[in-house]
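J.: Mind folding the following:
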Amino acid sequence: MTVRSRLRRAGLVLAAALLAPSLALVATAAPVGASEPKLVVRGGGWGHGVGMSQYGAEGMARQGRSATQILQHYYQGVSIQTDGPWNDLRVLLEQADATYEVTATWAFTVTCTRGGSATINPGQVLRVGGNATTLWVKRNDDEVCGSPIAAGSSGARASVDLGGKPVTLRRGGATVGTYGRGTLELSTGVPGCGKSVCAVARGLTMDEYLYGLAEVPSSWSPATLQAQAITGRSYAALRHASPRAPGLYHILATTTDQYYAGWSKESEPTYGARWKAAVDATSGRVLTYGGEIVSANYFSTSGGRTENSEYVWTAATPYLRSVPDPTDSISPRHAWTREYTLREIGSWFGVSNVRDVRIVGGVGVSGRTDKATIEIVGTTTKRVTGNQFQDTINARVPDSRALWSTKFTLAVPALGPATFPDVPPSSWYASAVAWLIDEGITTGVGDTGLFKPDDSVTRAQMVTFLWRMMGSPAASTAHGFVDVPAGSWYDQAVRWAKAKGITTGVSGTNRFAPNDVVNRAQMATFLHRVAGLKPATTRHGFPDVPRGAWYDAAVSWANQHGITTGIGDTGLYKPLERVTRAQMATFLHRTAGTAAAWVGPLPPTAP
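T.: Numbers count the residues shown, from 1 in each chain. The predicted model follows:
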């Protein structure tokens, strides 16, 4: 059982909201004489959060999942098909207003588009520079390929055919990279080249390009490497069909597209051969949806759940749906914490006397805040999006203090723990609600910033509460309910509940009735099933619970373990009475923390 501080409760990385996710953190004034208050940011993940989490994929592989299983988890409804070939793939390695140098341990030939060629022997340096009208090519300090080459409308190029032998490209004394596939081309005046010289690897086959793709460690599991090869090929195939600069290059070598390291990736000692083997084993294979190659977006770490595409970008892409990602817990950036003084926040955002920083609505289903509204409250109040909040801070701090993703919550611990303004600290359910917040089981109701303790609990909300209490486990089995839309905020929870026998839906139908209100008989039954149906050794004494009723055993179990004592001093259980959110919080809290009520260990969220 874990002891959790108020600080952790204030800054928890929250999961999806029940309806339209949000969290408002409300603070009071700092005590006189207190140390300078700080903003605590508790975050999770690294990257945009859409598509495949690379650390999550490796976590799944370590559990024995295949590349196909990994890909079909992160990209909903996709198929894996063979396509191609993709000829003459071109990669923009770099462009600069500078002179480039090329060296090798073997004699290579440079060829110029305006005629002539020269051999560069080991120990010699090929130097190429230019401007908008001229490309000059030198061996050491002597011009080769004739005189400087005037660029025409199609520009001028100097090319080195590599043929599987590496050359090293440098600029200003710094190494750009080592490349051994296709042709290394240095050009000027070519449409699409925005600097004096553009360095491009061209003439690559798709697999040659992938040999140099350095997106995951080559030491990772074969299934992960194969999944990465297929996603990388799918992404590059789309860029090949729609190049960034026709005639010059298809794809960038940076993480704006995919990180291409060239020869240094495939020639890694020990593990380079593993990555090449994964590329070869999946040759030609791409992800498709509806017969079309998909935009196979991926990133490093989700922090526990991926995000829907439309929340991070604009379009709601059917195969880029939010999915649970518990296996990315192996990532060193799965969860992280940052602290900034309120004085720093004020100076960065132009707000004096900052006393609170809070998220007031629009959080994504994964807990990301890209489009959420964040208020910096002081003498004035400034409102920014989560993206703007992250960008503003990251422009002013080193990486060790940076926000690695937009998945975060905010709190000022000196000003009090995170709570809801409609949950009085002295209320009988306050500690249960605090636990719900602490464990990410609730973020309140919609964009209201409220808990609404007196509202009724629906069946969709109930199974989602239970699912989160159990750690949001992955569930792929179809539930079969016609009234539970695929991809809805409660779809995964219903899948899990159906697979575990926690619900069978509405008797005699193929409906779940997600919007129906849960009564106290149903509540007890849900909880009893989640806990493993442990038999009660004594029977309750409630006269309004008939012996042998379908909920009789569940109520006896709940009463024996102190999960319920009935309604006030009435001596009754009132099985058909609706369950409020305050009651639900208390029932869940008591169940999760009562070891004797469970068959097996307590849930991972146990208080």
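J.: so where's the stretch 51-200 of the chain shaky on pLDDT?
T.: 132, 146-148, 150-153 (pLDDT under 70).
J.: give me that answer again for 90
T.: The stretch 51-200 of the chain contains residues with pLDDT under 90 at 84, 87, 113-116, 130-136, 143-156, 173, 188-191, 194.
J.: and residue 401, how many neighbours does it have?
T.: Using other CB atoms under 10 Å, residue 401 has 14 neighbouring residues. In short, each C-beta sits where N, CA and C put it, glycine included.
J.: what's near enough to touch it?
T.: Shown in contact with residue 401 (CB atoms under 8 Å, 6 or more residues apart in numbering): 338, 340.
J.: Please report phi then psi for it.
T.: The phi and psi values for residue 401, taken as degrees, to the nearest 10, are phi -110, psi 0.
J.: And for residue 267?
T.: phi -100, psi 10.
J.: That one and residue 441, how far apart?
T.: Between residue 267 and residue 441 the computed distance is 49 Å (CB to CB, to the nearest Å).
J.: Could you verify that residue 432 is part of a helix?
T.: Yes - assessed with DSSP: H, G, I helix; E, B strand; the rest coil, residue 432 lies in a helix.
J.: Same drill for residue 267 and residue 441, tell me which one is more crowded.
T.: Neighbours were counted for residue 267 and for residue 441 using other CB under 10 Å; residue 441 has more, 25 against 16.
J.: which residues does that one contact?
T.: 15, 435, 465, 468, 469, 588, 605 are the contacts of residue 441 under CB under 8 Å, 6+ apart.
J.: Of these, just the buried ones, PyMOL syntax please.
T.: Those of the contacts of residue 441 that meet the burial criterion (16 or more other CB atoms under 10 Å) are gathered into one PyMOL selection, given here:
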select buried, resi 15+435+465+468+469+588+605
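J.: and residue 357, how many neighbours does it have?
T.: Around residue 357 there are 27 residues (other CB under 10 Å).
J.: May I have the beta-bridge partners of it?
T.: Beta bridges link residue 357 to residue 376, judged by DSSP bridges.
J.: correct me, but it touches residue 373?
T.: No - the criterion here is CB atoms under 8 Å, and residue 357 misses it with residue 373 at 11.8 Å.
J.: hmm, back to that, from the contacts of residue 441, which is closest to residue 501?
T.: For those, the minimum distance to residue 501 (CB to CB) is 16.4 Å, reached by residue 469.
J.: any idea how far the closest one lies from residue 457?
T.: For residue 469, the distance to residue 457 - CB to CB - is 14 Å.
J.: do residue 488 as well
T.: Taken as CB to CB, the span from residue 488 to residue 457 is 17 Å.
J.: higher neighbour count, the two?
T.: The residue with more neighbours, out of residue 488 and residue 457, is residue 457; 23 against 13, by other CB under 10 Å.
J.: these two touch, right, the more buried one and residue 518?
T.: Yes - counting by CB under 8 Å, residue 457 touches residue 518, with 4.8 Å between them.
J.: so what sits against both of these two?
T.: 578, 579, 584.
J.: State the distance from the second one to residue 521.
T.: Per CB to CB, residue 579 is found 10 Å from residue 521.
J.: hmm, back to that, so which of the shared contacts of residue 457 and residue 518 is the most crowded?
T.: That'd be residue 584 among those, by other CB under 10 Å, with 26 neighbours.
J.: Which secondary structure elements does the longest helix seen in the chain sit against?
T.: Counting by DSSP state H, the longest helix found in the chain is helix 222-241. For helix 222-241, the elements it packs on are helix 54-62, helix 67-74, helix 206-211, strand 251-252, helix 272-281, strand 285-289, strand 292-293, judged by 3 or more CB pairs under 8 Å, 6 or more residues apart in numbering; DSSP states H and E.
J.: Note down every partner strand of the fourth one and its orientation.
T.: Strand 251-252 has the following sheet partners, assigned by DSSP bridges: strand 89-96 (parallel).
J.: any idea of the angle the strand it pairs with forms with helix 222-241?
T.: Counting by axes from the mean of the first three to the mean of the last three CA atoms, to 10 degrees, strand 89-96 lies at 80 degrees to helix 222-241.
J.: how about the CA coordinates for strand 89-96, as CSV?
T.: What follows is strand 89-96, C-alpha atoms only, in CSV (Å, rounded to 0.1, in the frame of the first residue of the first chain):
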residue,chain,number,x,y,z
LEU,A,89,13.9,8.0,-52.8
ARG,A,90,15.6,11.3,-52.0
VAL,A,91,16.5,12.6,-48.5
LEU,A,92,17.5,16.2,-47.7
LEU,A,93,20.4,15.7,-45.3
GLU,A,94,21.0,19.4,-44.7
GLN,A,95,21.2,22.8,-46.4
ALA,A,96,23.3,25.8,-45.4
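J.: Please list the residues outside the helix or strand following that strand that contact it.
T.: Following strand 89-96 in sequence order, the next helix or strand is strand 100-103 (DSSP states H and E). Outside strand 100-103, the residues that touch it by CB under 8 Å, 6+ apart are 108, 110, 120, 124-129, 160, 167-171, 176, 184, 186, 197, 199.
J.: residues making contact with the very next helix or strand once past strand 100-103?
T.: Helices and strands here follow DSSP H and E; after strand 100-103, the next one along the chain is strand 108-112. The set of residues external to strand 108-112 that reach it, using CB under 8 Å, 6+ apart, is 102, 117-120, 126, 135, 137, 144-146, 149, 156-162, 165, 167.
J.: circling back: please state the offset of the longest helix of the chain from the chain centre?
T.: Offset of helix 222-241 from its chain centre (CA atoms, centre = their mean, to the nearest Å): 18 Å.
J.: coming back round to it: by neighbour count, sort out the buried ones in the contacts of strand 100-103.
T.: 108, 110, 120, 124, 126-129, 160, 167-170, 176, 184, 186, 197, 199.
J.: one step back: what would the helices and strands packed on helix 222-241 look like in TSV with mean neighbour count and distance to residue 474?
T.: Formatted as TSV, the helices and strands packed on helix 222-241 follow (neighbours: other CB atoms under 10 Å; distance: least, CB to CB, whole Å):
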stretch	mean neighbour count	distance to residue 474
helix 54-62	25	9
helix 67-74	22	7
helix 206-211	23	28
strand 251-252	21	32
helix 272-281	18	24
strand 285-289	22	20
strand 292-293	15	26
